[in-house]
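Asks: Coordinates for the following, if possible.
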Amino acid sequence: MKFELLATDAGSKARAGKITTDHGEIETPIFMPVGTVASVKGVHQKELKEDINPDIILGNTYHLYLRPQTDILQKAGGLHKFMNWDRNILTDSGGYQVYSLSARRKIKEEGVKFKSHIDGSYHTFTPENVMEIQRAIGADIIMAFDECTPYPCDYNYAKRSMHMTHRWLDRCINHLAKTPEIYDYKQTLFPIVQGSTYKDLRKQSAEYIANAGAEGNAIGGLSVGEPAEEMYAMTEVVTEILPEDKPRYLMGVGTPINILENIALGVDMFDCVMPTRNGRNGMLFTSHGTINIKNKKWEADFSPIDPEGVSFVDSMYSKAYVRHLFSVNEMLGRQIASIHNLSFYLWLVREARKHILAGDFPQWKDKMVKQMDKRL
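Replies: The predicted model follows:
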């Protein structure tokens, strides 16, 4: 993997760059649609590729390990071939799912024993077998195994967890060196900074991760319920330390406003289920604010969802029509909302990139934040 830093905004830490892997180029800042189980929920690959057009999507190690299972993925030739996606894929390590399964798992130094949410069967994730699982899945960018701490989190627990995540990283690196790639392209490991919302721990963790010398780095354990101000404060501590010549990925973030504020702090990569999950429930993000399309006020509104035309659906369907689809529980409504929201997120990061390159990102960002903060 290669990363080129093309521009840094003079009025903030926002960056425009380019990641190149064996599956193509990724222009940053980038938002990665979440394809948890080898599918971006409710969106056909044709629409994903031709209309939403992301350079990279995300898959989920925990879910893919359980279904369809890694032996099926390996027989298919890897996740790219299995889901017919010829661009980049990033897989998380399962650490977040371990966090979310708090009632179904036991964490020890060796790894995590957990109970499947599907059938109750027991499984174990260790740094070593998570590397092997991600080799078999075949993503271009793979994540080190970590523990994602909850919020709020006791300081001593956060400290112990952070050090264990660092030890697990060393085991990931050592095992990956002994585990050759299965497919005919290279995979790149990103370690993950932890430390909850404690500045001294985040600083220690960022230094440890920076010293690992990986080709890219991630920031985990945020967007887990902490106030946005704390998220931004932790991100700022970490981006001050992580190397400038490596891409920075803030995991699981977030709202459109969260994304713009974190771009301003020097983050390059984002993912979140919010565009599709909120879309399926009738919440549409636009450049002028958020819409609850189920509200009666849109019943006779024949204007497009977003006046900026961020998605092909904006030129095809009115607010009134999409509201009608939701009111009759028609699946197409949820599909249109998901496509629109994903298109909006990709439009937003691409506009951010344009303004970073043009040198007026802070002014544009402040204007967009004010607009998007409205409920329409």
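
Asks: which residues in the stretch 51-200 of the chain form strands?
Replies: Ranges of strands within the stretch 51-200 of the chain are 56-60, 88-92, 105-107, 112-115, 122-125, 141-143, 188-190, 192-193, based on DSSP state E, counting those that start in this stretch.

Asks: tell me what the third one is packed against?
Replies: Counting contacts by 3 or more Cβ pairs under 8 Å, 6 or more residues apart in numbering; DSSP states H and E, strand 105-107 is packed against strand 112-115. Where C-beta positions appear, they are placed from N, C-alpha and C, glycine not excepted.

Asks: in the protein, which helix has the most residues?
Replies: Identified as the longest helix of the chain according to DSSP state H is helix 331-358.

Asks: Next up, the contacts around the most centrally placed residue in the chain.
Replies: Central residue of the chain (Cα atoms, centre = their mean): Asp271, 1.8 Å from the mean position. By Cβ atoms under 8 Å, 6 or more residues apart in numbering, the contact set of Asp271 is Phe31, Met32, Pro33, Val34, Leu58, Leu90, Met251, Gly252, Val253.

Asks: Show me the domain layout of the chain.
Replies: 30-272, 279-372 (automatic domain parsing).

Asks: Present those as a markdown table; the columns should include distance to Leu6 and mean pLDDT.
Replies: As requested, those are exported to a markdown table (distance: least, Cβ to Cβ, whole Å; pLDDT from 0 to 100):
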| stretch | distance to Leu6 | mean pLDDT |
| --- | --- | --- |
| domain 30-272 | 11 | 96 |
| domain 279-372 | 7 | 97 |
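
Asks: now stretch 300-320, how far from the chain's geometric center?
Replies: Once both centres are worked out by Cα atoms, centre = their mean, to the nearest Å, stretch 300-320 turns out to sit 27 Å from its chain's centre.

Asks: So what touches that stretch?
Replies: With Cβ under 8 Å, 6+ apart as the test, stretch 300-320 has contacts from 51-52, 284, 286-288, 291, 293, 298-299, 322-323, 336, 339-340, 343-344, 347.

Asks: picking up where we left off before, from the contacts of Asp271, which land in strands?
Replies: Phe31, Met32, Leu58, Leu90 (DSSP state E).

Asks: How about the contacts made by the residue lying closest to Cys148 once chain neighbours are set aside?
Replies: Using Cβ to Cβ, 6 or more residues apart in numbering and skipping the chain neighbours, the partner closest in space to Cys148 is Tyr99 (3.8 Å). Neighbour list for Tyr99: Glu147, Cys148, Thr149, Pro150, Val224 [criterion: Cβ under 8 Å, 6+ apart].

Asks: Show me what secondary structure element comes after the longest helix of the chain.
Replies: Sequence-wise, the next helix or strand downstream of helix 331-358 (DSSP states H and E) is helix 361-372.

Asks: tell me which residues in that following helix are buried?
Replies: By 16 or more other Cβ atoms under 10 Å, the buried positions in helix 361-372 come out as Phe361, Pro362, Trp364, Lys365, Met368, Met372.

Asks: Ok, stretch 184-193 next?
Replies: Gln187, Thr188, Leu189, Phe190, Pro191, Ile192, Val193.

Asks: Put the alpha carbons of that stretch into CSV.
Replies: C-alpha atoms of stretch 184-193 as CSV (Å, rounded to 0.1, in the frame of the first residue of the first chain):
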residue,chain,number,x,y,z
ASP,A,184,-2.6,-12.7,-5.5
TYR,A,185,-2.5,-9.2,-3.9
LYS,A,186,-1.0,-7.6,-0.8
GLN,A,187,-2.8,-7.0,2.5
THR,A,188,-2.0,-4.1,4.8
LEU,A,189,-2.3,-4.2,8.6
PHE,A,190,-3.6,-1.1,10.5
PRO,A,191,-3.0,-1.1,14.3
ILE,A,192,-5.6,0.6,16.5
VAL,A,193,-5.1,3.3,19.1
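
Asks: Ala214 against Pro191, yeah?
Replies: Yes. Between Ala214 and Pro191 there is a contact at 5.2 Å, judged by Cβ atoms under 8 Å.

Asks: Helices along the stretch 151-300 of the chain, start to end?
Replies: 155-177, 199-211, 228-239, 256-263, 274-280 (DSSP state H, counting those that start in this stretch).

Asks: Using TSV, please lay out the ones you listed together with mean neighbour count and distance to Lys18.
Replies: Shown next, in TSV, are those (neighbours: other Cβ atoms under 10 Å; distance: least, Cβ to Cβ, whole Å):
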stretch	mean neighbour count	distance to Lys18
helix 155-177	18	25
helix 199-211	19	21
helix 228-239	19	19
helix 256-263	23	15
helix 274-280	22	24
